[in-house]
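# Here is the input, now give the coordinates:
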Amino acid sequence: MWTTFTTTVRTLLHTPSAVVWTLVFPIVLATVFNFMFEPLRAQESVEAIDVAVVDDDAWRASPFSQVIDALATQDEPLLRAVPVNSTKDARSFVKDGQADGAFSVQSNGEPLLVLAPTGTSSDSSYNVNRAILESILTSYLQNQSLVANVAQNNPAALANASAIEAALSQTVDVAQVSLTRAQPDAMVRFYYALLGMASIFAAQLAEQSVWRLQPTASAEGARRAMSGTSRMRLLIPTIAGCWVVSTAFLAIAFGYICLTAHIDFAGREPLCLIGIAVASLLSCGLGALVGSIPGRMGSDSRRGLLTAVTCLLSLFAGLYGQPTMELADSVAKAFPAVTWINPVCLVRDLFYSVYYYDALAPFALRIAAGTAMAAVFLAISVAFMRRYTHEHL
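Have a look, this model is predicted:
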């Protein structure tokens with residue numbers, strides 16, 4: 001059995017397709033994800049909002065213009081004010097998409113905001129900018145009304161500048177509380193789906209190795225079938241060798257993803273390694289099942305079947321972009337059982353549970369589900385292997 005185990009390990013390490021799909025592929029795809037997602041994570045400053053201002057006598061005489069100037073000249077400006085000569089020019093700026101809004105001051109001193117209708121801009125940030133401009137004007141009008149009421153009801157209070165400043169201040173004490181173990185990051189879900197896909201791609205290792213044991217696969221398989229070694233003494237060390245190799249490859253890919261994607265599991269990395277071992281066992285069970293299916297279908301056909309199934313399952317894990325992630329969420333919401341019977345989703349949620357939840361119960365449940373699924377696959381493959389007798393040669 002030890003000879004079979006070591007031979008399987010050496011064979012897999014010298015098989016280019018095994019190394020490419022199980023080790024190289026997830027590293028390359030993770031690198032692509034890094035180039036895609038890192039610029040989104042690096043956006044730490046707010047982009048200044050383009051706004052037109054009608055620069056006339058009423059504007060220059062209004063205190064509201066000082067508010068806009070302050071917001072446009074601070075260290076990280078919230079606004080980028082573009083002076084125009086008339087209200088007509090301001091509306092043209094908004095209509096042409098050169099500004100998200102336009103401020104002006106009417107003859108009675110009241111500020112006015114002009115916005116394009118909702119949905120007229122293709123820029124996803126337009127609705128956010130629209131809300132910010134509305135908030136600026138609303139806040140100014142509320143403060144103006146507050147000062148007017150104070151002046152009418154208690155004129156002496158205006159002499160206390162600190163009290164007025166405190167009344168107009170909108171600062172509040174905020175305590176940051178995290179409801180999850182790690183800081184939420186929408187991008188890490190794609191890396192979890194990648195790990196799920198990579199773990200199921202590792203099933204090709206067991207598929208090739210178990211297929212070689214079949215007497216109809218090759219002369220070597222025929223000689224093994226006619227030898228005195230039982231099927232189990234061949235199958236168990238073969239699957240064990242596949243499990244060791246795939247676990248090592250997936251662990252290397254996991255370490256690369258954590259380092260390059262800056263995913264911090266806060267000391268739970270050993271649990272992740274346990275999850276990788278279970279994911280590898282699941283993939284070996286699936287590969288052994290496909291490799292032991294009776295029939296004269298070659299290894300290439302079986303490998304193509306595994307690849308097609310893995311790519312399809314990865315679609316429902318949300319690997320292929322935001323639309324597929326939304327599709328995966330919709331399917332999981334409508335049919336929760338899908339996330340438990342889809343191996344890619346199961347592995348994805350395994351890492352998700354370690355990363356986000358304080359309790360280990362969700363992780364333990366997925367470990368149990370993965371182990372049970374692997375046991376079922378291995379039991380079926382054992383039943384298939386027992387069916388081969390000498391008359392199959």
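# what's the lengthiest helix in the chain packed up against?
Longest helix in the chain, counting residues (DSSP state H): helix 231-261. Helix 231-261 is packed against helix 2-13, helix 25-41, helix 188-201, helix 203-211, helix 269-292, helix 361-386, with contacts defined by 3 or more C-beta pairs under 8 Å, 6 or more residues apart in numbering; DSSP states H and E. C-beta: built from backbone N, CA, C; applies to glycine.
# Lowest average pLDDT across these?
Between the helices and strands packed on helix 231-261, the one with the least mean pLDDT is helix 25-41; it has a mean of 82.
# quick revisit: among the helices and strands packed on helix 231-261, show me which one is buried the most.
helix 203-211 (a mean of 29; mean count of other C-beta atoms under 10 Å).
# quick one: that helix to chain centroid distance?
Averaging C-alpha positions (C-alpha atoms, centre = their mean, to the nearest Å) puts helix 203-211 30 Å from its chain's average.
# Report all helices and strands that that helix contacts.
Where contact means 3+ C-beta pairs under 8 Å, 6+ apart, helix 203-211 is packed against helix 2-13, helix 16-19, helix 231-261, helix 269-292, helix 299-315.
# pLDDT on the longest helix of the chain, on average?
89.
# before we move on, the earlier item: tabulate the helices and strands packed on helix 203-211 in a markdown table, adding columns for distance to residue 25.
Formatted as a markdown table, the helices and strands packed on helix 203-211 follow (distance: least, C-beta to C-beta, whole Å):
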| stretch | distance to residue 25 |
| --- | --- |
| helix 2-13 | 15 |
| helix 16-19 | 9 |
| helix 231-261 | 9 |
| helix 269-292 | 14 |
| helix 299-315 | 11 |
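# among those helices, which is nearest residue 342?
Residue 342 lies closest, by C-beta to C-beta, to one member of these: helix 299-315, at 5.3 Å.
# low-scoring stretches of the stretch 51-200 of the chain, by residue?
117-125, 150-151, 154-184 (pLDDT under 70).
# hmm, 80 instead?
Applying pLDDT under 80 to the stretch 51-200 of the chain flags residues 75-76, 97, 116-128, 143-186.
# and the nearest residue to residue 269 once chain neighbours are set aside, what does it touch?
Residue nearest to residue 269 in three dimensions, not counting chain neighbours: residue 258, with 7.6 Å by C-beta to C-beta, 6 or more residues apart in numbering. Counting by C-beta atoms under 8 Å, 6 or more residues apart in numbering, residue 258 makes contact with 264, 265, 269.
# buried sites along the longest helix of the chain?
231, 234-250, 253-254, 256-258, 261 (16 or more other C-beta atoms under 10 Å).
# what's residue 371 in contact with, if anything?
278, 281, 282.
# Repeat that for residue 105.
Applying C-beta under 8 Å, 6+ apart, the residues near residue 105 are 54, 56, 58, 59, 61, 62, 64, 65, 111, 112.
# what pairs with the nearest residue to the first one once chain neighbours are set aside across the strands?
Computed as C-beta to C-beta, 6+ apart, the closest residue to residue 54 that is not its neighbour in sequence is residue 104, at 3.8 Å. On DSSP bridges, the residues paired with residue 104 through beta bridges are residue 112.
# What separation do you get for residue 104 and residue 372?
68 Å (C-beta to C-beta, to the nearest Å).
# mind checking how far the residue nearest to residue 269 is from residue 24?
From residue 258 to residue 24 the distance is 18 Å (C-beta to C-beta).
# Make sure I have this right: residue 51 is in a strand.
Yes. Under DSSP: H, G, I helix; E, B strand; the rest coil, residue 51 sits within a strand.
# Please list all residues in contact with the most centrally placed residue in the chain.
Centroid check for the chain by C-alpha atoms, centre = their mean gives residue 189 as the closest residue, at 2.4 Å. Counting by C-beta under 8 Å, 6+ apart, residue 189 makes contact with 318, 325, 348, 352.
# Then residue 98?
Residue 98 neighbours (C-beta under 8 Å, 6+ apart): 50, 52, 82.
# which one of these has the most neighbours?
Greatest neighbour count in those, by other C-beta atoms under 10 Å, goes to residue 52: 24 neighbours.
# Please enumerate residues in contact with whichever strand or helix holds residue 60?
Assessed by DSSP states H and E, residue 60 sits inside helix 57-61. With contacts defined as C-beta under 8 Å, 6+ apart, helix 57-61 is touched by 53, 65, 103, 104, 105, 106, 107, 109.
# From the residues you listed, keep the buried residues only.
By 16+ other C-beta under 10 Å, those give 53, 65, 103, 104, 105 as buried.
# Quick check: the last one vs residue 78, distance?
To tie it back to what came earlier, the one meant is residue 105. 19 Å.
# Now do the phi/psi pair for residue 78.
phi -80, psi -30 (degrees, to the nearest 10).
# Let me see the contact set for it.
46, 48, 49, 71, 72, 132.
# if you skip the residues just before and after it, what's nearest to residue 247?
Nearest one to residue 247, counting by C-beta to C-beta, 6+ apart, is residue 280 at 4.2 Å.
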